[in-house]
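[1] Structure, please.
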Amino acid sequence: MVKDFLSLADYTGDEILAFLDFADRLKAEVRAGTPHPLLQGKTLALIFEKPSLRTRLTFQIGMFQLGGHTVLIDDILGRRESVPDVARNLERWVDGIMARTYRHAHVVELARCARIPVINALTDLLHPCQILADVQTLREHKGRDLGSLKVAFVGDGNNVFHSWANFAARVPLNLTLVCPPGYEGDAEITERVRREAKGDFVITHDVEAGLRDADAVYTDVWASMGQEEEAETRERAFAPYQVNAALMALAKPGALFMHCLPAHRGLEVTDDVIDGPQSVVFDEAENRLHAQKAVLATLLGGPRN
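    Model prediction:
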């Protein structure tokens, strides 16, 4: 098992599915009122460069439910101290580090320099924790045969899409990105996934073709944190890709609507879709807790190095 959780591309398909099966077990135990103090006495450091609701609370609550503790750290990476120095201090005090940063290089450097596990809770490049929660939700609603399912990701080829692509390179799943020209995602990631994909992997600008036969329609904000200056340009480019009732009708009947949240209602999605019967966005949010607990318990469950 890999020491850190930085990218789904670092894991095999079987290891990723093991995380998901573990998450299902932990969720069932929570609902049954069965305690699982698997990390009794362990401490997780939380580093936040970006604002957070779901990430902050689910990691804090998750460690509490696992019997451990969390400590919050101010945004210090590369400012007050170098990233290596932060890593080498933290490894002496805590059992793991969770980092939510702008630069992906920061979590990579933390992992390289720290002897304890580092968990990527979001960078500008990747968001692997989110995809575990998303796939847990997808399996709950559409069954465990992921290879027969198609996910249409509508919008920007961003960090969430990159992690969906990394998942599709390890586990059979059909993934289509439906986006305006110029927003196809990181070329290195998409070219690698084209070679490694276990199912169909398609990037198209054609909304109708991209949504055809989709079992789930996924979208995200058009301008992520740090892209606020591009908001107006992006709104014009993405307007034809808004997930509304007409767009949802292009997918299979009963297709799920998925979103990692927070949502900009009236932009990438309309109220009638996100609040409609096909929406599973709050199931995804709930599953952040269980999926991340599976990662925590797997990576931090052993003795200190």
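[2] contacting residues around the most centrally placed residue in the chain?
    What sits nearest the mean C-alpha location of the chain, by CA atoms, centre = their mean, is residue 130, with 2.0 Å. Shown in contact with residue 130 (CB atoms under 8 Å, 6 or more residues apart in numbering): 122, 160, 163, 260, 284, 288. Every C-beta, even on glycine, is put in place using the N, C-alpha and C of the backbone.
[3] quick one: it from residue 164, how far?
    The spacing between residue 130 and residue 164, counted by CB to CB, to the nearest Å, is 9 Å.
[4] burial count for residue 123?
    The tally of other residues near residue 123 (other CB atoms under 10 Å) stands at 24.
[5] If you could redo that for residue 49, that was the one I meant.
    By other CB under 10 Å, the residues close to residue 49 number 21.
[6] swap in residue 150?
    By other CB under 10 Å, neighbour count at residue 150 equals 22.
[7] Roughly how far does it sit from residue 20?
    From residue 150 to residue 20 the distance is 19 Å (CB to CB).
[8] How about residue 188?
    Distance from residue 188 to residue 20, by CB to CB: 26 Å.
[9] For those two, work out which one has more neighbours and name it.
    residue 20 (22 against 9).
[10] secondary structure class for the more buried one?
    helix (DSSP: H, G, I helix; E, B strand; the rest coil).
[11] do residue 112 as well
    Looking at residue 112 with three-state DSSP, the answer is helix.
[12] residues in contact with it?
    Going by CB under 8 Å, 6+ apart, the list of residues near residue 112 reads residue 87.
[13] coming back round to it: the residue nearest to the centre of the chain and residue 194, how far apart?
    22 Å.
[14] And residue 74, by the same measure?
    Distance from residue 74 to residue 194, by CB to CB: 40 Å.
[15] Comparing the two, which residue is more hemmed in?
    Neighbours were counted for residue 74 and for residue 194 using other CB under 10 Å; residue 194 has more, 13 against 10.
[16] part of a helix, is that one?
    Yes - applying three-state DSSP, one finds residue 194 inside a helix.
[17] just the helices in the stretch 151-300 of the chain please.
    Taking DSSP state H, counting those that start in this stretch, the helices of the stretch 151-300 of the chain run over residues 159-168, 187-196, 207-211, 231-238, 245-248, 271-274, 281-300.
[18] Show me what counts as buried in the second one.
    Along helix 187-196, these residues count as buried under the neighbour rule (16 or more other CB atoms under 10 Å): 189, 190, 193.
[19] ok, the second one touching residue 184?
    Spelled out, that is residue 190. Yes - under the criterion of CB atoms under 8 Å, residue 190 makes contact with residue 184 at 6.5 Å.
[20] shared neighbours, those two?
    Counting by CB under 8 Å, 6+ apart, the contacts common to residue 190 and residue 184 are 157, 203.
[21] Buried deepest among the helices of the stretch 151-300 of the chain, which one?
    Among the helices of the stretch 151-300 of the chain, helix 159-168 has the highest mean neighbour count (mean count of other CB atoms under 10 Å), at a mean of 26.
[22] list the helices and strands it packs on?
    Using 3 or more CB pairs under 8 Å, 6 or more residues apart in numbering; DSSP states H and E, the elements in contact with helix 159-168 are helix 128-142, strand 150-154, strand 174-178, helix 187-196.
[23] Now residue 149: phi and psi?
    phi -100, psi 150 (degrees, to the nearest 10).
[24] Give the closest residue to it in space, chain neighbours not counted.
    Of all residues not flanking residue 149 in the chain, residue 215 sits nearest, at 4.5 Å (CB to CB, 6 or more residues apart in numbering).
[25] and the gap between the one you found and residue 147?
    Residue 215 sits 12 Å away from residue 147, taking CB to CB as the criterion.
[26] go on, residue 26?
    Residue 26 is 25 Å from residue 147, by CB to CB.
[27] Which one's more surrounded, the two?
    Under the criterion of other CB under 10 Å, the comparison of residue 26 against residue 147 puts residue 26 first, with 24 against 11.
[28] average pLDDT across the helix or strand that contains the more buried one?
    Element membership for residue 26, per DSSP states H and E: helix 13-32. For helix 13-32, mean pLDDT is 98.
[29] Please name the strands paired to the next helix or strand after it in the sheet, noting orientation.
    For helix 13-32, the following helix or strand on the C-terminal side (DSSP H and E) is strand 43-48. Using DSSP bridges, the strands paired with strand 43-48 are strand 69-73 (parallel), strand 96-100 (parallel).
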